[in-house]
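*Asks:* What follows is a predicted structure for the sequence shown.
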Amino acid sequence: MSVLAEGGLEFDFSRAVHAERLDLQGVPIPEGMKLVDFVVTDSSEVLLVEVKDPGQARDPEPAREAFRGRLGTNELINGELVPKARDSYTFLHLMARDDRPMLFVVVVGLDGRASDHALLGQFKSRLLHRLRHEASERWERLYVRDCVVLTPRDWRRLFPHYPLRRRRR
Amino acid sequence: MITRIELENFTAFPKLRLNPSSGINVFIGANGTGKTHLLKVAYAACAVAKTKESYADKLLRVFLPHQRQLGRLAHRQVGSIWASAGVVRRDGAELRVRFSNHAETAASASVQGARRWSAVPIECAYIPVKEMLANAPGFRSLYAEREIHFEEVYADIVDRAYRPLPKGPPSDERRRFMERIRKAIEGRVTMKKEEFFLRSKQGNLELTLVAEGVRKLALLSLLLQNGTLLSGSVLFWDEPEANLNPNLMRVVVEVLLELQRMGVQVFIATHDYVTLKEFDLQTAPDDHVAYHALWRGEEDGTVRLSTTEDYVAIQPNAIADTFMDLYDRDVRRALSGGGTG
């Protein structure tokens, strides 16, 4: 399956070595695990891709504004993103599929106004800190080598080989 | 209240016309785009309305060009040119100075409109980037007696800090502002033998022992307390964020917006995202906040101006562009595998 969609965003991973949804409806996943939307394997690494798309709301601008507010808190990082990254890594490790370095990619459906990047840069720093340090001590293993937080526009610029388009409602 | 600033061949500006907001005016732009120059031109005009000094003289002392040659304030170009700076007030009074780039002294400039301009004094204050309160004792007399190389904005702000308190109790409004600042700096400012102290739970601390950011808020508190900042006053503040912990910007912006609601016109120059964002978050629908972006045109390198009242529409936004650049480099490092540890 090379075209994967989440929210209003559709990604074409046909040039990847392998791409799949981990949380396919109807397919049981281990009790208590939270998984990212897509796992994309290319020649050198594995992308753990999580999509957060307020842009698909009926009235997207207020939804985006509310989402900007959530980026300022730790709830999204601690409660959703980091558990998904950690559990997805664990899942892939137990499946003996952790043979490449992993990069955690969060795609946020913001329109990428200039001021968003101050917010996203800061959000990424907090996210990376939490990925490294959840318990009383830092994880000994850097299970994802880094993370990035991208708007769809950034994704298109940085991953031109994986085309992204917004689906019509 | 200032309603227009016009510059021609003045410092960085070949030509500029600015209609400031009656409330808060936020200047943003890269270094060298003339933000501070704009503040100083307007401040000098406001200051002489009360002191009745020559506008050309005041500009010289506020800008302090090499060997105090007025002509050095003209836009740099080959050949002879005339420079001018004009400031217009709400009542239509207009103060204008005109001089050539060969002018050596203030006396060779022509100043128009001074009589009408100084008929109505303007209360104003200019808070420079470097905090002066801690060094205030002795600075005034030194400045008055000796030729020391300090722009006059430093001596002026020290003078204003030393102003005696007005008669009668402060209004509820002013008392509220001062209380807000007192909470932020966890104390109140006192003066003993021309020396300022911060009286707090820790005791009576000389301002030299207090963080520079706290001193800035202490100065603001003094200006409120002694009536320098009243309805109709004009406040100029160059880089309020300098040496201030970002979490204190919330209070600074809160106080600036309140001052604006009280009728103080405010001009600030900033390089700081937190300052801009605080204005964006705290501005109420009835507030008047204008963002003035200064930048150099790619074709000829001349400074241009664009003004908007919508934070999101600031264009170009040198501060956001810097964050964009940081973000971009961070993402590229992550994608290229340059680890973060």
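*Replies:* On my side now, so go ahead. Numbering: from 1, shown residues only, chains lettered A, B, ... in the order given.
*Asks:* Which residue, neighbours along the chain excluded, lies closest to residue 98?
*Replies:* Since no chain was named, I'll use chain A. Here the nearest residue to A:D98 in space, its sequence neighbours aside, is A:L92; by CB to CB, 6 or more residues apart in numbering or on different chains that works out to 4.9 Å. No exception for glycine: its C-beta is placed from N, CA and C like everyone else's.
*Asks:* nope, chain B
*Replies:* In space, B:R98 is closest to B:S84, 4.3 Å off (CB to CB, 6+ apart).
*Asks:* The helix or strand hosting the one you found packs against which elements?
*Replies:* Assigned by DSSP states H and E, B:S84 belongs to strand B:82-89. Strand B:82-89 sits against strand B:2-10, helix B:35-51, strand B:94-100, with contacts defined as 3 or more CB pairs under 8 Å, 6 or more residues apart in numbering or on different chains; DSSP states H and E.
*Asks:* and A:S14, how many residues sit next to it?
*Replies:* 12 (other CB atoms under 10 Å in any protein chain shown).
*Asks:* ugh, typo on my part, it should be B:L235
*Replies:* Going by other CB under 10 Å, the residues that sit close to B:L235 add up to 24.
*Asks:* got it, and the one 4 residues further on?
*Replies:* One way to gauge burial is a neighbour count; for B:E239, by other CB under 10 Å, it gives 19.
*Asks:* Distance check, it against B:R215.
*Replies:* 14 Å (CB to CB, to the nearest Å).
*Asks:* do A:R157 as well
*Replies:* 45 Å.
*Asks:* So these two - more neighbours on which side?
*Replies:* B:R215 (23 against 13).
*Asks:* wait, that one sits on B:K130?
*Replies:* No. Using CB atoms under 8 Å, B:R215 is not in contact with B:K130, being 10.4 Å away.
*Asks:* neighbours around the closest residue to chain A within the stretch 1-150 of chain B, how many?
*Replies:* Nearest residue of the stretch 1-150 of chain B to chain A: B:I28, at 11.9 Å (CB to the nearest CB). B:I28: 25 surrounding residues under other CB under 10 Å.
*Asks:* Can you pull the phi and psi angles for the residue positioned nearest the centre of chain A?
*Replies:* Centroid-nearest residue in chain A: A:E50, 2.3 Å away (criterion: CA atoms, centre = their mean). Per-residue torsions, A:E50: phi -120, psi 130 (degrees, to the nearest 10).
*Asks:* Okay, and the beta partners of it?
*Replies:* Note on A:E50: beta-bridge partners by DSSP bridges are A:V106.
*Asks:* Quick one: residues contacting the residue in the stretch 101-250 of chain B that chain A sits nearest to.
*Replies:* Scanning the stretch 101-250 of chain B for proximity to chain A using CB to the nearest CB identifies B:P246 as nearest, at 11.3 Å. For B:P246, the contacting residues are B:272, B:274, by CB atoms under 8 Å, 6 or more residues apart in numbering or on different chains.
*Asks:* same deal with B:C124?
*Replies:* B:43, B:46-47, B:50, B:233-236.
*Asks:* Out of those, which comes closest to B:Y327?
*Replies:* B:F236 (32.2 Å; CB to CB).
*Asks:* doesn't B:A42 make contact with that closest one?
*Replies:* Yes. Contact criterion CB under 8 Å: B:F236 and B:A42 qualify, at 6.9 Å.
*Asks:* higher neighbour count, these two?
*Replies:* For B:F236 versus B:A42, neighbours defined as other CB under 10 Å are more numerous around B:F236 (26 against 23).
*Asks:* That one should be in a strand, yeah?
*Replies:* Yes. Counting by DSSP: H, G, I helix; E, B strand; the rest coil, B:F236 falls inside a strand.
*Asks:* What's opposite it in the beta bridge?
*Replies:* Here B:F236, judged by DSSP bridges, has bridge partners B:Y126, B:F267.
*Asks:* Now do the contacts for it.
*Replies:* B:39-40, B:42-43, B:124-127, B:266-268.
*Asks:* again, only using 10 Å
*Replies:* B:25, B:36, B:38-40, B:42-44, B:46-47, B:124-128, B:153, B:157, B:265-269 (CB atoms under 10 Å, 6 or more residues apart in numbering or on different chains).
*Asks:* Need the pLDDT of it.
*Replies:* For B:F236, the model assigns a pLDDT of 98.
*Asks:* quick one on the thing from earlier: give me the distance between the residue of the stretch 101-250 of chain B closest to chain A and A:R156.
*Replies:* 33 Å.
*Asks:* How about B:R199?
*Replies:* On the measure of CB to CB, B:R199 and A:R156 end up 58 Å apart.
*Asks:* Flag every residue of chain B that's near chain A.
*Replies:* Within chain B, the residues that sit near chain A (CB under 10 Å from any CB of the partner chain) are B:273-274, B:276-277, B:280, B:311-317, B:319-341.
*Asks:* Mind doing that once more with 8 Å?
*Replies:* B:273, B:277, B:280, B:311-312, B:317, B:320-321, B:323-324, B:326-328, B:330-335, B:337, B:339-341 (CB under 8 Å from any CB of the partner chain).
*Asks:* Buried members of these into PyMOL, please.
*Replies:* Listed next is the PyMOL selection for buried residues among the residues of chain B next to chain A, using 16 or more other CB atoms under 10 Å in any protein chain shown:
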select buried, chain B and resi 273+277+280+311+317+320+323+324+327+330+331+334+335
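*Asks:* What count of nearby residues applies to B:N19?
*Replies:* Neighbour tally, B:N19, other CB under 10 Å: 14.
*Asks:* thinking again about what came up before, list the contacts for the residue nearest to B:R98?
*Replies:* B:S84 touches B:6-10, B:96-99, counting by CB under 8 Å, 6+ apart.
*Asks:* same thing with B:D328?
*Replies:* A:H117.
*Asks:* That one: which element?
*Replies:* Going by DSSP H and E, B:D328 is in helix B:318-336.
*Asks:* which residues sit in contact with residue 139?
*Replies:* Picked chain A for this. Taking CB under 8 Å, 6+ apart as the test, what A:W139 contacts is A:132-133.
*Asks:* um, chain B though
*Replies:* Contacts of B:F139 by CB under 8 Å, 6+ apart are B:132, B:154-155, B:158.
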